[in-house]
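K.L.:
quick check, what structure comes out for this input:
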Amino acid sequence: MAKTPPTPSPGSLARADRQRLAAEEGARVMAEVERDKIAVRKNMERLRALREARDAEAANHPAPKPLPATEPKPARRAKRP
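P.N.:
Sure thing, here's the model as predicted:
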């Protein structure tokens, strides 16, 4: 005689459902994390290109010489009334 498999209890059905939902949510979150990583890498690449262009431009045009520093004038003494 072949035995029929026991029917799952409500608790085991609920646990299986929670595990299935958690797996789906985990997959969705991992995909979102990967999209965020790609976006960050693209932004870093864009910023690096801008920085390198700025540095190359700065190398082609040297900065003007700073003006010589002048010494501050001494403060005037106040007259007594």
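K.L.:
where along the protein do the strands fall?
P.N.:
Ranges of strands within the chain: none, based on DSSP state E.
K.L.:
do you have the helices of it handy? List them.
P.N.:
Secondary structure of the chain (DSSP state H): helices located at 10-60.
K.L.:
nearest the middle, which residue of it would you pick?
P.N.:
For the chain, residue 40 is the residue whose C-alpha lies nearest the centre (C-alpha atoms, centre = their mean; 6.2 Å).
K.L.:
ok, now how distant is that one from residue 31?
P.N.:
Distance of residue 40 to residue 31, given as C-beta to C-beta, to the nearest Å: 15 Å. From N, CA and C alone the C-beta is placed, and that goes for glycine too.
K.L.:
what of residue 66?
P.N.:
53 Å.
K.L.:
try residue 56
P.N.:
For residue 56 relative to residue 31 (C-beta to C-beta), the value is 38 Å.
K.L.:
any idea how many residues pack against residue 29?
P.N.:
Using other C-beta atoms under 10 Å, residue 29 has 10 other residues around it.
K.L.:
give me the pLDDT for it.
P.N.:
At residue 29, the pLDDT value in this model is 97.
K.L.:
burial of residue 44, as a residue count?
P.N.:
As a burial measure, residue 44 scores 10 neighbours (other C-beta under 10 Å).
K.L.:
ignore the last one, residue 42
P.N.:
10.
K.L.:
quick check: which ranges of the chain have low pLDDT?
P.N.:
Within the chain, the segments meeting pLDDT under 70 span 1-2, 81.
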